[in-house]
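1. My questions concern the predicted model and sequence given below.
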Amino acid sequence: GHHESLTMALRLAAALAACLVLATGAEASKLQGSRLLSLRGGSKEKVAIIGSGNWGSAIAKIVGRNVLEKAGYDSEVRMWVYEEQVEGRNLTEIINTEHENVKYLKGVKFTDNVIADPELESAVKDATLLIFVLPHQFLSRICPKIKGNHAKGARACSLIKGIEFGDAGPILISSMIKEEMGGMDVSVLMGANVA
């Protein structure tokens, strides 16, 4: 039921948190963290979440908390939210005031540093790590809006379920993101959809 789905989403979100640490090198000593900052021109890692459904919201909860606890991260996490009306209010307004996605992850609170943004270009502005967590059918529409707005050298992490098929056979979603984003490095987090 809903509780089992939420529990699985939060477990997978915790796994992503571990992947983020490994992907950015922040798990090492402060010295290694400062090397990472040095390689990035002294700037901190800035995470943007592209998608805000059940899975995206679970990830936002974990990532929002983790960036506050880890050195080398910008404290703000922007989450792109497709604007919807919920009981006469914008979903982004509800998320930003109540710190909860009442439509897709009711009862789970975000840290205050998770900011819902209905404008994709603004949500990814200067991000060094883009977490894609939305249906893959939207990639060809959203990637052109993302390109040029993220930080130079940004990387992606795909949490997108599924696979696409082309004339030559199956196509990995990570390959679609890489191609749409002009060769960007893409990592993948996957796990059981239903357990």
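-> On my side now, so go ahead. Numbering: from 1, shown residues only.
2. F165 sits in which helix or strand?
-> Taking DSSP states H and E as the criterion, F165 maps to strand 164-166.
3. what's the answer for N149, then?
-> Counting by DSSP H and E, N149 is part of no helix or strand.
4. what about it, how many neighbours?
-> Around N149 there are 17 other residues, counting by other CB atoms under 10 Å. Bear in mind the C-beta positions are built from the backbone N, C-alpha and C, glycine included.
5. go on, G169?
-> When neighbours are counted by other CB under 10 Å, G169 registers 6.
6. Phi first, then psi, for it.
-> Main-chain dihedrals, G169, degrees, to the nearest 10: phi 120, psi -160.
7. Show the pLDDT at K106.
-> If you check K106, the pLDDT there is 94.
8. And for E121?
-> Value for E121, per-residue pLDDT: 97.
9. what's around it, how many residues?
-> 14.
10. need the strands for the protein, in chain order.
-> Using DSSP state E, the strands found in the chain span residues 47-50, 77-80, 85-86, 89-90, 114-117, 129-132, 155-158, 164-166, 169-171, 186-188.
11. mind listing what's buried in the second one?
-> Right, the one you point to is strand 77-80. By 16 or more other CB atoms under 10 Å, the buried positions in strand 77-80 come out as 77-80.
12. Now tabulate those in CSV and tack on distance to E45 and pLDDT.
-> As requested, those are arranged in CSV below (distance: CB to CB, whole Å; pLDDT from 0 to 100):
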residue, distance to E45, pLDDT
V77, 11, 98
R78, 13, 98
M79, 16, 98
W80, 18, 98
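13. can you name the two of those that are farthest apart?
-> Across the buried residues of strand 77-80, the longest distance by CB to CB is 11.1 Å; it joins V77 and W80.
14. so what sits against both of those two?
-> Shared contacts of V77 and W80 (CB atoms under 8 Å, 6 or more residues apart in numbering): 48-49.
15. what residues are up against A168?
-> If a contact means CB under 8 Å, 6+ apart, then A168 has no contacts.
16. what's the distance between the residue nearest to E119 when sequence neighbours are not counted and P118?
-> Distances taken as CB to CB, 6 or more residues apart in numbering place W80 nearest to E119, at 7.9 Å, with adjacent residues excluded. From W80 across to P118, the span is 8 Å (CB to CB, to the nearest Å).
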